[in-house]
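# need a 3D model of the following:
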Amino acid sequence: MNVWKIVGCVFGGSLILAIGLLIGHFGISKTSTPSWAQDLSKNVDEAFIREFMNEVNRDNIRENLRKLSQYPHMATTKGDEDTVQMVLGQWNDPHIGLDEAKEERYDVYLSFPRAENPNNVQVVSPNGGRPFQSQLTETDITDDQRDPNVVKPYAAYSPSGNVQGKLVYANQGKMSDFETLSHFMNLTGTIAIVRYGGAGRSAKAINAAKFGVVGLIVYTDPKDINDGITDESKTYPNSWYMPPSGVERGSYTESFGDLLTPYYPAKNFTYRIDENNIQGRPPIPTQPIGFGDAEKLICQLDGLAANSSWQGALNCTYNIGPGFRTNGNFSGSDVHVNVYNYEEIRSSANVMGIIRGSVEPDRYILYGNHRDSWVHGAIDPSSGTAVMLEITKILGTKVKEGKWRPRRTIIFGSWGAEEFGLIGSTEFAEDYYSKLRDRTAAYINVDISVFANATLRAQGTPPVQNVIFTAAKQVETPVSPSLSVYDNWIRYFNRTSSIYGGLVPQLGTLGAGSDYAPFLQYLGISCMDIAYTYDRAVARTAGNVLLRLADSLILPLGPRDYVETLENYYDTAEKAFSNRLSEKSISLGKESKMISMPLRVRMINDQLMLVERAFINHFAFPDKLYYSHVIWASRSSGVITFPGIADAYAKAVSTELKADWDQVHHHITVVATAVDNAASTLQTAASI
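Just a heads-up that it's a prediction; the model follows:
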């Protein structure tokens, strides 16, 4: 018999027995069931879900997006404060608003460029001339780019400074890239130019500094973002491709949350560490530029040609340097990086909205997206916020009219200062750590809702997989009413599942790319991130998932889906590491694999909710702030398996030190214990 039917029968029988005992105890007539008992046993209303999806209005989403992206709204600026009032105003509206809405402010450490002294990159000739300077801002292609509040390109949290040296090309700025370069030249005192990708923004600068590089230039290569297109006539506004002057702004930090108050909410009474003790930000001046400017520098480089994997799509062969070729425009010249950033503590607002649950008000379903952007933010994040506002409008109206109330409490979060390192969501997670850890069943993130190609892009931890599948099967694609989002998704991204007995859509994995990170990595809450080319399809899919999580009698979380992930990770680790581990008398142990078997038996709500928490170990990665999830924490190893084991193994192999092999054994113990705890979580609560 199907295990889900067994669980359903057991739970259903227990529930009926409990209700029967209560009815008998209070002497209520056996011919009628009281309304409170009916509410207690009510399951998700499929008709209501269909009604919700039918009411999603693309014109409302479009108008929301127009208002949100009308002006630049970088965190804590006037534009950002205007969006605070916009969201707060709707959520407090007496006709379409939520039960409660409020601002929650945190005093956070941010980094800004000086408007009066823009950052730049220059070429300095031997006679002191300046034959080249990078563009101080993008070329004005549309009127909105002329807004004086458009922030000039900069690397947030880069230190200020003026440094000069010979230019070298270092591919993606990975440690291996700089190691390769160091075999050909002495990197001390050089300036490195690297392209986005391969390593985190801040990691590029940290890696560079270890080899004596004094300044870093970062650009987006057309090979990585434009399908190789460099011709200005074929880029925006003539297509979606980035134009040559386009610059990717970003936060150059390795951790997330407020940098001065790790693990504590950034309030006026909170202890702040010394700025000099911040870890994970660039130690050298760093500046991003457009690929048009990068081409002028890279195509003049001297030295050996970079290998084929380092070559990009600019119109030349990429040489590695150092310095410029003698027969070029910049012969004998150095490169000068000028950064004038400053840091400041500012008040940043989250806007929180609540619809209280009717049966389990102390169980939370979180739905969120950040509100701030580097510039206008039409795609990131306003497309997601526009969708969230439409969802809350529909549900808020139902609540105000008395037509619906969820079983569990829904909390909506419009996070502040995400672009600076997931700050608003992280401060919220720190502020309400105990309550969120104990009460939250799942978190839904819809950041860039119009993203990917013409199919759904969903990422998440294994327990949320099935509820996304269920919702996707009920949503029609905008291109064809006969084709569901699920069927379109499985056409392009799929995998074979032993649990589902065939092909299923491929659910992507989560790292730390958006506001789900603190909830997953720090609190151990099951999370998902949803995007699609079509915003109305995203609203219907994400809203469908939200209603199922909020209203289902049994939480639609599937811990059995973790089995495949754990078994795949175990098999990968066994193939990659077992021979060397045996030499060191360290065993992965078959028991590490077999203890996942109880995960095949689904228990009910609290057990389902707490499975993800079992993989949290706040002591597993002492050198990684907030990363506590032993399955999904960041890893530097290229082996796709348990991150702690993979990274510890890579280090031990390189050093052959006993202390490092002991760390491998330690991380095997961490994983085995976590999996054992996950299995125990799903066993009868009254037993150990």
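
# and the strands in the stretch 201-350 of the chain, which stretches?
215-219, 250-251, 286-288, 334-339, 342-355 (DSSP state E, counting those that start in this stretch).

# who does the shortest one pair up with?
Right, the one you point to is strand 250-251. Strand 250-251 pairs in its sheet with strand 155-156 (parallel), by DSSP bridges.

# circling back: ok, which of the strands of the stretch 201-350 of the chain comes nearest residue 125?
strand 334-339 (8.4 Å; Cβ to Cβ). Where C-beta positions appear, they are placed from N, C-alpha and C, glycine not excepted.

# mean pLDDT and mean neighbour count added to the strands of the stretch 201-350 of the chain, as TSV?
Formatted as TSV, the strands of the stretch 201-350 of the chain follow (pLDDT from 0 to 100; neighbours: other Cβ atoms under 10 Å):
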stretch	mean pLDDT	mean neighbour count
strand 215-219	98	28
strand 250-251	97	22
strand 286-288	98	26
strand 334-339	98	23
strand 342-355	98	20
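
# Serialize the ones you listed to TSV and add fields for distance to residue 133.
As requested, the strands of the stretch 201-350 of the chain are arranged in TSV below (distance: least, Cβ to Cβ, whole Å):
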stretch	distance to residue 133
strand 215-219	13
strand 250-251	22
strand 286-288	12
strand 334-339	9
strand 342-355	22
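
# and residue 656, which of these is closest to it?
Closest among these, using Cβ to Cβ: strand 215-219, at 32.3 Å.

# and the angle for that closest one with strand 334-339?
Between strand 215-219 and strand 334-339, the angle comes out at 80 degrees (axes from the mean of the first three to the mean of the last three Cα atoms, to 10 degrees).

# give the other helices and strands that strand 215-219 contacts.
strand 161-165, strand 191-195, helix 201-210, strand 286-288, helix 291-298, strand 334-339 (3 or more Cβ pairs under 8 Å, 6 or more residues apart in numbering; DSSP states H and E).

# other residues contacting the third one?
With contacts defined as Cβ atoms under 8 Å, 6 or more residues apart in numbering, helix 201-210 is touched by 155, 157-158, 170, 172-175, 177-178, 187, 192, 194, 199, 216, 218, 250-254, 280-284, 286.

# same check, this time on the fifth one
Contacts to helix 291-298, defined as Cβ under 8 Å, 6+ apart, come from residues 121, 123, 132, 134-135, 167, 169, 193, 195, 217, 219-222, 230, 232, 242-246, 312, 314-316, 318-319, 335.

# narrow the residues you listed to those that are buried.
Taking 16 or more other Cβ atoms under 10 Å as the criterion, what is buried in the contacts of helix 291-298 is 121, 123, 132, 134-135, 167, 169, 193, 195, 217, 219-222, 230, 242-246, 312, 314, 318-319, 335.

# now go through the residues you listed and say which are in helices.
Counting by DSSP state H, the part of those found in helices is residue 222.

# for residue 288, see how far away the closest residue in space to residue 248 that isn't next to it in sequence is.
The spatially closest residue to residue 248, leaving aside those adjacent along the chain, is residue 220, at 5.2 Å (Cβ to Cβ, 6 or more residues apart in numbering). In this view, residue 220 and residue 288 are 8 Å apart by Cβ to Cβ, to the nearest Å.

# cool, and residue 235?
Taking Cβ to Cβ, one finds residue 235 at 17 Å from residue 288.

# what's the answer for residue 68, then?
25 Å.

# ok, now residue 186?
26 Å.

# contacting residues around residue 485?
455-456, 472-473, 475-477, 532, 537, 541.

# among those residues, name the buried ones.
455-456, 472, 475-477, 532, 537, 541.

# out of those, which sit inside strands?
Judged by DSSP state E, the buried ones among the contacts of residue 485 include 476-477 as members of strands.

# show me the shaky parts of the protein.
1-41, 451-453, 589-604, 682-688 (pLDDT under 70).

# okay, domains of it per the record?
2-40, 46-107+348-373+392-557, 114-340, 560-682 (automatic domain parsing).

# can you tell me which of those domains is most buried?
Highest mean neighbour count among these (mean count of other Cβ atoms under 10 Å): domain 46-107+348-373+392-557, with a mean of 21.

# isn't residue 449 right up against residue 380?
No. Judged on Cβ atoms under 8 Å, residue 449 makes no contact with residue 380 at a distance of 9.6 Å.

# sheet partners, orientation included, of the strand or helix carrying residue 413?
Residue 413 is part of strand 408-415, with elements assigned from DSSP states H and E. Using DSSP bridges, the strands paired with strand 408-415 in its sheet are strand 342-355 (antiparallel), strand 360-370 (parallel).

# mind putting those strands into TSV with distance to residue 301?
Converted to TSV, the strands paired with strand 408-415 look like this (distance: least, Cβ to Cβ, whole Å):
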stretch	distance to residue 301
strand 342-355	32
strand 360-370	38
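
# the residue lying closest to residue 158 once chain neighbours are set aside pairs with what?
Excluding its sequence neighbours, the residue lying closest to residue 158 (Cβ to Cβ, 6+ apart) is residue 286, at 4.0 Å. On the basis of DSSP bridges, residue 286 is bridged to residue 216.

# surely residue 286 touches residue 213?
No. In this structure residue 286 lies outside contact range of residue 213 using Cβ under 8 Å: 10.4 Å.

# could you measure from residue 652 over to residue 580?
Separation of residue 652 from residue 580 (Cβ to Cβ): 8 Å.

# export the contacts of residue 485 as JSON lines, with columns for distance to residue 271.
Formatted as JSON lines, those follow (distance: Cβ to Cβ, whole Å):
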{"residue": "455", "distance to residue 271": "47"}
{"residue": "456", "distance to residue 271": "44"}
{"residue": "472", "distance to residue 271": "46"}
{"residue": "473", "distance to residue 271": "50"}
{"residue": "475", "distance to residue 271": "48"}
{"residue": "476", "distance to residue 271": "53"}
{"residue": "477", "distance to residue 271": "52"}
{"residue": "532", "distance to residue 271": "43"}
{"residue": "537", "distance to residue 271": "46"}
{"residue": "541", "distance to residue 271": "43"}
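
# between these, which is closest to residue 113?
residue 532 (34.1 Å).

# residue contacts, the residue lying closest to that closest one once chain neighbours are set aside?
In this structure, residue 532 finds its nearest non-sequential neighbour in residue 538, 4.6 Å apart by Cβ to Cβ, 6+ apart. Residues near residue 538 by Cβ under 8 Å, 6+ apart: 387, 446, 449-450, 530-532.

# again, only using 6 Å
387, 449, 532 (Cβ atoms under 6 Å, 6 or more residues apart in numbering).

# the last one touches residue 456, doesn't it?
Yes. Counting by Cβ atoms under 6 Å, residue 456 is a contact partner of residue 532 at 5.1 Å.

# returning to that earlier point: list the helices and strands the helix or strand following the strand holding residue 413 packs on?
Note on strand 408-415: by DSSP H and E, the next helix or strand toward the C-terminus is helix 423-431. Where contact means 3 or more Cβ pairs under 6 Å, 6 or more residues apart in numbering; DSSP states H and E, helix 423-431 is not packed against any helix or strand.
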